[in-house]
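**Student:** can you look at this prediction? I've put the sequence above it.
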2 protein chains.
Amino acid sequence: MPINLTKKQLRNTGKGVESFSSVSSPRTNSSDRRRPGTVSIRDVALRAGVSIATVSRTVNRIPTVNPELAERVWKAIEEVGYLPNTQARALVSGRSHMLGLIVSEITNPFFPELIQEFESLAVAQGYEVLIGSTNYDPARTESLMRRLLQRNVDGVAVMTFGIEEDLVQKLVEREFPLVFVDAGPDLPNIHVLKVDYAEGIRQGVQHLAALGHRSIAFISGPLSQRSPKARREAFLKSMAELGLRVPPEHLVEGNHTMEGGIVAMEKLIALDTLPTAVMCSNDMTAIGALHALFRTTLKVPEDISVVGFDDIHLAQFMLPPLTTVQMSCKALAAAAVEALRAGIEPDHSKARRKEWPIPTRLVVRQSTAFPRGSLPARVSAAPGKRGDAD
Amino acid sequence: MPINLTKKQLRNTGKGVESFSSVSSPRTNSSDRRRPGTVSIRDVALRAGVSIATVSRTVNRIPTVNPELAERVWKAIEEVGYLPNTQARALVSGRSHMLGLIVSEITNPFFPELIQEFESLAVAQGYEVLIGSTNYDPARTESLMRRLLQRNVDGVAVMTFGIEEDLVQKLVEREFPLVFVDAGPDLPNIHVLKVDYAEGIRQGVQHLAALGHRSIAFISGPLSQRSPKARREAFLKSMAELGLRVPPEHLVEGNHTMEGGIVAMEKLIALDTLPTAVMCSNDMTAIGALHALFRTTLKVPEDISVVGFDDIHLAQFMLPPLTTVQMSCKALAAAAVEALRAGIEPDHSKARRKEWPIPTRLVVRQSTAFPRGSLPARVSAAPGKRGDAD
DNA sequence: GCCCAGATGGGAAACGCTTTCTAAAATCCG
DNA sequence: CGGATTTTAGAAAGCGTTTCCCATCTGGGC
């Protein structure tokens, strides 16, 4: 064992390690087929004249190392430019410190905002994030999930809908930490972010009603998915609470994209009884609706009010600035990261919580106003040409 | 060493393993602190009654395995639900099959489009992507780079600007595959995507000039960065070619965000000599400019023409649809992935190329038109109140 | 002076895989 | 039919860490 000997010798030189300071290149180490320039814990150990165990302990700040020794090790680390290899760490510790984040559509501006929040929180906790966009394709979701598992992520936040049940089943058996939005099986280590659609949407409906609107349409998202359905339900419930009728032609299905919003709005415009206000299942839809309206002679908000959902950054820059229901992506991201940590780190404080409420609230901007022909205080009873549909 | 013995025994059971086939749960294996439900190559080997080496060879499709045996192994893999552990693979092979992608701002819609392209190409080649957004902060860039290195990514595409030179230097020593946009050191394994700003921007300027514009302003990006500077240079050059003067007050600096575009446009609006057309360094800036104009009585394109750069998806949905210079993010992503592969996979075909041209071209939509008071065929000499400033 | 704790650091196993080396079986050839 | 050659599969050596266990050293109490 010549290496061993060398090490012993090195150690016995004690403090005389400085004599090696002139050795500038760390690549003069043992191994063969390693990528050149890679520095391993062994190089540090050699340089500092200690064992790799000590280096490891120093790096992980385990208190049983002599401070003096530790300092020598840190110096050596600095000198050789050592970066611990995360893969090896993951292999031995069983934890990769990577989280998966699955979103439905990265090109929908809501998600980059969410991703950014999620990522910065995760990084602050020492996690890396693997991002996947499913584009609403269940097959993609599944292959994505498989890839994430193979990469040994410590947990996955599924910020989308329509995941295969049996895949979940498999993961559940492993007690694999998962986070869903809106709904998920009630099983150990499955956390659910419960978005309070009802509250925000009720605020929206009541805001419109208070302005004098009675005929309010709703452009939904793809109804094959849970969250869009939940949003529509919330709308219908709020309308019913106020005793407002929603004729079926005022419920049109979009697809949460701008194009979908345009098409849906055009359908509404073509109706005989144009609603005086439109609520949309998300902001992109609302933006599409604004565009469709802009191409006609109808003015927003004078002729028709529009309300969005999400409160993406873009919303406030619309013309007019969009009144919308805010679903804080900060809150969403924070809850997701916390929930995953709870599942991953055994002694994490909030480990027992299973459901995480996400509040929503209306943000009033300038895309909503009194319907034409009615004023707020003095309710002029005369219905305009597209007045009260009740 | 009782543990050691146990292991040896397990291994020595050798071929007599078929007797274990009835053991249905894969979690009855040796290890202690492994996450429950994790299946390793050893479980497959036990199940199939072969050595782990054979399983490995089967999985990697190495042709020296007896087809009959291979089939048995595949069956066992299926039965126990084996997924190779990527970390372990990476550790031994030295290649992680992960790529880093650094963008400047994930909330700028151009980048999600780019990310999506990049990711799908990378995945098709068997790579995972780690995404990082720098938000124009060099410190963030550096820590991001460090994180990526620690994760052992096989290469990084830096689709942003302002990376620390000395960090690059360190990587270059390792012959670490890197891709930059516009400019980068001419060193082995550093690839550069050369965007042909000149062509697209010239087309834009000539389009405006052909319509009769003589007074064209330019809203740039942050001039501390290379790419925005390059775009501005290209604009100035194209103007000079046509003999058109650009007064300094017609060159205003934005920051590649919508807010920046609004502020910049407001500066232009406040001028005595309003330009008849504005070119913008990117689409978000142009969108901001449109918004600023919309708040005034000025009409686009009747009173002022606006041209963007990037051709993000949103551009065609603007009101009016935005005339813009297209920089194909498909081309950008494809070149980046190819370049990285060239640096990573020794026998990759295009390994020798160092610079990758990215074409740009004008896409004419409806935000550009004749300047007020001038018509294309019959040039009415009478200048309007904000006519030709030349 | 001796024995026993209590620190503290090193040796070595283990994580799951790839790959080389080696040995056994199968094939060929004279 | 025996020896040489070719398949083919297993054993084992890592990859870069962490961590358990044990050895050494120090100091204190008798």
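**Tutor:** Happy to help now that I have it. Small disclaimer: the values here were computed from a predicted structure and weren't measured.
**Student:** point out the residues in the stretch 51-200 of chain A that sit beside chain B.
**Tutor:** A:81, A:83-88, A:90-91, A:94, A:96, A:106-107, A:109, A:111-113, A:115-116, A:119, A:123, A:128-133, A:146-147, A:149-152, A:170, A:173-176 (CB under 8 Å from any CB of the partner chain). No exception for glycine: its C-beta is placed from N, CA and C like everyone else's.
**Student:** could you rerun that using 6 Å?
**Tutor:** A:83, A:86-88, A:90-91, A:94, A:106-107, A:112-113, A:116, A:131, A:150-152, A:173-174 (CB under 6 Å from any CB of the partner chain).
**Student:** ok, the stretch 251-390 of chain A next?
**Tutor:** Counting by CB under 6 Å from any CB, the stretch 251-390 of chain A sits next to chain B at A:258, A:291, A:294, A:317, A:319.
**Student:** most neighbours among the residues you listed, which one?
**Tutor:** residue A:258 (25 neighbours; other CB atoms under 10 Å in any protein chain shown).
**Student:** quick one: neighbours of the nearest residue to residue A:116 once chain neighbours are set aside, just the number.
**Tutor:** The shortest distance from residue A:116 to any non-neighbouring residue, by CB to CB, 6 or more residues apart in numbering or on different chains, is to residue B:106 (5.5 Å). Using other CB under 10 Å, residue B:106 has 23 other residues around it.
**Student:** how far away is residue B:106 from residue B:112?
**Tutor:** Distance, residue B:106 to residue B:112, using CB to CB, to the nearest Å: 7 Å.
**Student:** shared neighbours, these two?
**Tutor:** residue A:112 (CB atoms under 6 Å, 6 or more residues apart in numbering or on different chains).
**Student:** stretch A:149-168 vs DNA strand D: in contact?
**Tutor:** No: with CB under 7 Å from any atom of the strand as the criterion, DNA strand D is not reached by stretch A:149-168; the gap is at least 13.0 Å.
**Student:** so what pLDDT did the residue of the stretch 1-150 of chain A found nearest DNA strand C get?
**Tutor:** Nearest residue of the stretch 1-150 of chain A to DNA strand C (CB to the nearest atom of the strand) works out as residue A:66 at 2.7 Å. According to the prediction, residue A:66 has pLDDT 93.
**Student:** what's the local residue count around whatever residue of the stretch 251-390 of chain A ends up closest to DNA strand D?
**Tutor:** Shortest the stretch 251-390 of chain A-to-DNA strand D distance, computed as CB to the nearest atom of the strand: residue-wise this is residue A:346, at 12.5 Å. Residues near residue A:346, counting by other CB under 10 Å, number 7.
**Student:** surely it is in a helix?
**Tutor:** No: assigned with DSSP: H, G, I helix; E, B strand; the rest coil, residue A:346 falls outside any helix and is coil.
**Student:** how close does it get to residue A:100?
**Tutor:** 20 Å.
**Student:** just residue A:80 next, same as before
**Tutor:** 33 Å.
**Student:** what's around residue A:363, how many residues?
**Tutor:** 19.
**Student:** can you pull the contacts of it?
**Tutor:** Contacts of residue A:363 (CB under 6 Å, 6+ apart): A:311, A:324, A:326.
**Student:** can you check residue A:87 too?
**Tutor:** Counted by CB under 6 Å, 6+ apart, residue A:87 has contacts B:87, B:90, B:91, B:152.
**Student:** and the residue positioned nearest the centre of chain A, what is it in contact with?
**Tutor:** The C-alpha lying nearest the average C-alpha coordinate of chain A belongs to residue A:114 (CA atoms, centre = their mean; 4.0 Å). Counting by CB under 6 Å, 6+ apart, residue A:114 makes contact with A:329, A:333.
**Student:** and the next helix or strand past the helix or strand harbouring it?
**Tutor:** Assigned by DSSP states H and E, residue A:114 belongs to helix A:110-124. Using DSSP H and E, the helix or strand that follows helix A:110-124 towards the C-terminus is strand A:128-133.
**Student:** quick check: angle from the following helix or strand past that next one to helix B:110-124?
**Tutor:** For strand A:128-133, the following helix or strand on the C-terminal side (DSSP H and E) is helix A:138-150. Using axes from the mean of the first three to the mean of the last three CA atoms, to 10 degrees, the inter-axis angle of helix A:138-150 relative to helix B:110-124 is 70 degrees.
**Student:** rewinding a little: let's see which of the contacts of residue A:363 end up in strands.
**Tutor:** Those of these mapping onto strands are A:324, A:326, per DSSP state E.
**Student:** counting neighbours, which of the contacts of residue A:363 comes out on top?
**Tutor:** residue A:324 (29 neighbours).
**Student:** which secondary structure state does the closest residue to that residue other than its chain neighbours sit in?
**Tutor:** Excluding the flanking residues, the one nearest residue A:324 by CB to CB, 6+ apart is residue A:308, at 3.6 Å. Here residue A:308 is recorded as strand under three-state DSSP.
**Student:** mind listing what residue A:145 touches?
**Tutor:** So residue A:145 contacts residue A:167 (CB under 6 Å, 6+ apart).
**Student:** and it, what pLDDT?
**Tutor:** 89.
**Student:** and for residue A:266, the neighbour number?
**Tutor:** There are 16 residues near residue A:266, going by other CB under 10 Å.
**Student:** ok, now the one 10 residues further on?
**Tutor:** The number of residues packed around residue A:276, counting by other CB under 10 Å, is 28.
**Student:** what's it sitting at in phi/psi?
**Tutor:** Here is the backbone geometry of residue A:276 (degrees, to the nearest 10): phi -90, psi -10.
**Student:** quick check on the residue nearest to it when sequence neighbours are not counted: phi, psi?
**Tutor:** Excluding the flanking residues, the one nearest residue A:276 by CB to CB, 6+ apart is residue A:371, at 3.8 Å. With angles defined as degrees, to the nearest 10, residue A:371 sits at phi -70, psi 150.
**Student:** residue A:371: what's it in contact with?
**Tutor:** A:212, A:213, A:276.
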